[in-house]
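> sequence-free structure coming up:
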């Protein structure tokens with residue numbers, strides 16, 4: 001809250017002070033609680049105060065004003081640019097009209113004597129500012145050299161971003177954001193794109209058992225729907241309501257009318273048309289629908305190839321056992337509406353191989369392992385006995401010597417380097433008796449030679465030169481020269 005003359009206070013402190021003293025804390029002028037104006041500040045994602053229009057951060061070098069009528073706080077440059085015009089005096093947030101006299105200066109760095117700054121005059125205890133300052137200090141303390149470690153992304157992070165950064169730069173209604181975040185893929189979509197194996201089920205009917213192979217790698221969503229419905233007992237007790245000889249048999253409708261049935265998600269899902277799959281043989285399992293992307297729970301099994309259905313129905317399996325049962329079902333007569341005269345009932349659908357459950361278990365183990373490894377590397381937990389034994393086996397050679405890890409080797413290298421530097425410094429450091437040049441340099445010492453010593457050394461050098469020449473001559477004299485082979489005989 002602020003006073004009409006622009007002093008800003010914490011609401012609890014100023015109200016209590018006015019009720020007790022009935023005057024202005026600084027000017028000692030009479031003041032009532034009704035004279036106080038409630039201020040509305042805007043903050044960015046870091047919790048810092050900003051201008052609600054330009055998103056410019058407030059600082060001690062910025063002139064800050066408030067609208068007496070709305071209570072919103074702006075930068076003076078914003079008011080001067082957008083409101084200081086004829087017929088433009090309307091609050092930039094609420095749109096309510098106001099006058100130039102309604103502007104209250106809260107901070108003016110150009111007139112510190114006439115208007116004390118926001119921080120100097122305020123008696124409130126701004127916890128947000130303290131927290132921000134402490135956070136900045138902690139960041140400055142913890143900050144170190146950049147590392148190559150990347151932020152750990154969620155397992156289902158997409159290869160594209162949410163687009164918030166682009167939207168914030170093109171929309172004035174959003175706070176500017178300079179960091180992109182990856183979009184998260186739906187858990188099921190993430191799983192569907194990674195299923196590479198097939199599923200197997202057994203459809204038990206009153207006519208016999210039919211074994212079916214599901215193309216989970218080609219139509220993962222459709223197979224997932226069929227497996228989940230089967231595991232929930234959705235198909236148990238349902239009847240095949242339509243059978244056309246030399247064409248197909250249709251079922252999967254709990255109502256038995258051919259117009260019912262819902263998917264595992266409760267709504268229709270889109271077609272999964274695999275180009276490599278075709279209605280080209282007897283026993284193909286495909287989804288029944290009443291138009292594009294209207295798949296539910298109904299399915300059909302072909303009695304004979306029907307390639308005209310390609311691209312219109314999603315193939316998701318084939319019969320791999322029990323074709324003789326299919327022959328019995330095809331032989332049952334039907335009425336005019338293609339309904340079998342004899343009930344063909346599905347007693348149970350047993351799932352033998354479920355690649356989706358297997359994938360979920362593997363993913364759960366992987367995430368748990370990554371979580372455990374992260375906690376171990378960060379020091380939040382210690383190795384178990386089994387992990388310690390495994391670590392010893394991995395870091396021990398056949399000869400029983402330990403292999404240093406990269407971090408241990410780096411620490412040892414740093415320690416040896418520091419010790420060598422210290423030793424060299426101690427050795428090269430000048431003593432109190434010696435007058436060194438600089439901190440680690442000694443004054444070079446030169447021996448003073450007498451004239452007699454110099455002449456003697458010159459004579460020795462001359463003798464050595466003569467001895468060397470005579471030695472070379474004798475060496476050449478002793479050498480044997482072959483010439484040619486005329487002396488042989």
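Arrived safely, thanks for sending. Remember, it's a predicted structure, so these values are computed and weren't measured experimentally. Numbering: from 1, shown residues only.

> what separates residue 59 from residue 109, distance-wise?
Noted for residue 59: a distance of 9 Å to residue 109, by Cβ to Cβ, to the nearest Å. For the C-beta atoms, the positions are set from N, CA and C on the backbone; glycine is no exception.

> What is the one helix or strand residue 324 maps to packed up against?
If you go by DSSP states H and E, residue 324 is part of helix 323-331. If you count contacts as 3 or more Cβ pairs under 8 Å, 6 or more residues apart in numbering; DSSP states H and E, helix 323-331 packs onto strand 208-214, strand 248-251.

> mind redoing it with 10 Å?
Helix 323-331 makes packing contacts with strand 199-205, strand 208-214, strand 242-244, strand 248-251, strand 299-302 when contacts are defined by 3 or more Cβ pairs under 10 Å, 6 or more residues apart in numbering; DSSP states H and E.

> partner strands of the shortest one, parallel or antiparallel?
It refers to strand 242-244. Take DSSP bridges as the rule and strand 242-244 pairs in its sheet with strand 248-251 (antiparallel).

> May I see the buried residues of the strand it pairs with?
248-251 (16 or more other Cβ atoms under 10 Å).

> Am I right that residue 342 sits in a helix?
No: assessed with DSSP: H, G, I helix; E, B strand; the rest coil, residue 342 is coil; it does not lie in a helix.

> dump the residue contacts of it.
If you count contacts by Cβ atoms under 10 Å, 6 or more residues apart in numbering, residue 342 has them with 206-207, 243, 329, 332-334.

> which of those are buried?
Among the contacts of residue 342, those classed as buried by neighbour count (16+ other Cβ under 10 Å) are 207, 243, 329, 332.

> can you tell me which of those lies nearest to residue 66?
Among those, residue 243 lies closest to residue 66 (Cβ to Cβ), at 80.1 Å.

> Next up, the contacts around the residue nearest to the closest one when sequence neighbours are not counted.
The spatially closest residue to residue 243, leaving aside those adjacent along the chain, is residue 249, at 4.5 Å (Cβ to Cβ, 6 or more residues apart in numbering). Shown in contact with residue 249 (Cβ under 10 Å, 6+ apart): 240-243, 299-303, 326, 329-330, 332, 334, 338, 340, 344.

> how close does residue 249 sit to residue 337?
Residue 249 sits 14 Å away from residue 337, going by Cβ to Cβ.

> Reformat the buried residues of strand 248-251 as TSV; add distance to residue 53.
Formatted as TSV, the buried residues of strand 248-251 follow (distance: Cβ to Cβ, whole Å):
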residue	distance to residue 53
248	66
249	69
250	64
251	64
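
> In terms of distance to residue 356, which of these ranks first?
Nearest to residue 356 among the buried residues of strand 248-251, with distances taken as Cβ to Cβ, is residue 251, at 22.6 Å.

> May I have the phi/psi pair for residue 64?
Dihedral pair for residue 64: phi -120, psi 130, per degrees, to the nearest 10.

> and the nearest residue to residue 90 once chain neighbours are set aside, what is it in contact with?
Residue nearest to residue 90 in three dimensions, not counting chain neighbours: residue 97, with 5.3 Å by Cβ to Cβ, 6+ apart. Contact analysis of residue 97 by Cβ under 10 Å, 6+ apart lists 69, 87-91.

> measure residue 97 to residue 3 for me?
Computed as Cβ to Cβ, the residue 97 to residue 3 distance reads 23 Å.

> burial of the residue nearest to residue 76 when sequence neighbours are not counted, as a residue count?
Ranked by Cβ to Cβ, 6+ apart and with sequence neighbours excluded, the top spatial neighbour of residue 76 is residue 63, at 3.9 Å. By other Cβ atoms under 10 Å, 19 other residues sit near residue 63.

> any idea how far residue 93 is from residue 63?
19 Å.

> Could you check how far residue 352 is from residue 198?
Per Cβ to Cβ, residue 352 is found 11 Å from residue 198.

> between those two, who's got more neighbours?
Of the pair residue 352 and residue 198, residue 198 is the one with more neighbours under other Cβ under 10 Å, namely 15 against 10.

> My guess is the more buried one contacts residue 218. True?
Yes: between residue 198 and residue 218 there is a contact under Cβ atoms under 10 Å: 8.8 Å.

> For the residue lying closest to residue 323 once chain neighbours are set aside, report the pLDDT, please.
With sequence-adjacent residues excluded and distances taken as Cβ to Cβ, 6+ apart, residue 323 is closest to residue 283, at 6.2 Å. You'll see residue 283 listed with a pLDDT of 96.
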